[in-house]
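Trainee: take a look and give me a structure for this.
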Amino acid sequence: MEKPPPPTPSRQGRGSFYGSLSRAINKVPFFSRAQLGVALLLGAALLLLWAWRANFWLAPSPPPAQTLDLVFVEVTGAAAHPGIYSFDHAPTLAEAWRQAGVSTPPPVGETKLASGTRVEIDEKGGHRLGRMSGDALMTLGLALDLNTATLEDLDALPGIGPALAQRIVDYRQAHGPFRKIEDLEQVSGIGPKKLEKIKPYLIVDANPGQGAAPPGQD
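Mentor: Below you'll find the model as predicted:
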């Protein structure tokens with residue numbers, strides 16, 4: 001047996017509903033455009049005030065971290081703590097002396113050490129300045145000295161294999177130290193494009209080794 005359809009609202013019920021809705025709408029206050037504009041401005045001002053108070057009570061953001069340009073110096077030889085040390089500035093020999101725990105008096109003077117310098121100290125307190133090994137320099141992201149780099153050091157450069165590295169060493173032995181990096185173009189197999197690729201990884205030390213200094217001098 002089919003269920004009878006639900007009863008539909010009578011016209012009288014519908015009329016009562018619409019009448020109540022009409023009376024409710026009539027009770028809503030009317031705002032002019034000027035009044036609406038003032039209300040919107042007040043709302044915006046309150047929103048800005050809330051946002052300002054929220055930021056005011058928050059702790060200030062920390063300043064961006066500064067990238068330190070570290071200077072790496074290696075101390076070897078007669079030192080209590082030989083090794084590679086990092087500084088946030090170009091250190092003097094005396095600073096490297098103290099970091100490595102050298103027992104002899106530090107050298108006199110304010111000679112600054114460049115990043116990648118190796119300080120070899122003898123038992124009498126004398127020292128010799130040189131360049132770190134190629135492995136250490138490459139690990140630290142420092143440039144190789146073209147005139148002291150070994151065959152293995154040069155082989156590690158991008159685009160330089162063992163054969164080309166050997167030609168660089170042979171050229172250096174035959175013609176003496178390189179005066180500038182661009183002189184590499186005299187080596188067979190190195191053109192302008194390859195030179196530009198390896199140039200950022202190389203330097204030419206104007207004073208390679210700087211000889212040995214007696215104790216107490218720099």
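Trainee: rest of the way, CA atoms for contacts and neighbours
Mentor: Fine.
Trainee: let me see the backbone angles for Val75.
Mentor: Note on Val75: its backbone torsions stand at phi -120, psi 130 [degrees, to the nearest 10].
Trainee: apart from its chain neighbours, what residue comes closest to it?
Mentor: Spatially, and ignoring its direct neighbours in sequence, Val75 is nearest to Val119 (4.8 Å; CA to CA, 6 or more residues apart in numbering).
Trainee: quick one: that neighbour is in a helix?
Mentor: No: counting by DSSP: H, G, I helix; E, B strand; the rest coil, Val119 is not found in a helix; it is strand.
Trainee: burial of it, as a residue count?
Mentor: 24 (other CA atoms under 10 Å).
Trainee: contacts only, for Ser115.
Mentor: Counting by CA atoms under 8 Å, 6 or more residues apart in numbering, Ser115 makes contact with 70-73, 90, 142.
Trainee: picking up where we left off before, please report how far the residue nearest to Val75 lies from Gly126.
Mentor: Remark: distance between Val119 and Gly126 (CA to CA, to the nearest Å) = 10 Å.
Trainee: report the residue spans of the protein with pLDDT below the cut-off.
Mentor: The chain contains residues with pLDDT under 70 at 1-38, 49-68, 206-218.
Trainee: how about the helices in it?
Mentor: 11-27, 33-57, 93-100, 134-140, 151-155, 162-175, 192-198 (DSSP state H).
Trainee: ok, and for stretch 175-187, which residues are buried?
Mentor: 177-178, 181, 184, 187 (16 or more other CA atoms under 10 Å).
Trainee: same list, those residues, but as TSV with distance to Asp170 please.
Mentor: As requested, the buried residues of stretch 175-187 are exported to TSV (distance: CA to CA, whole Å):
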residue	distance to Asp170
Pro177	11
Phe178	12
Ile181	16
Leu184	12
Val187	9
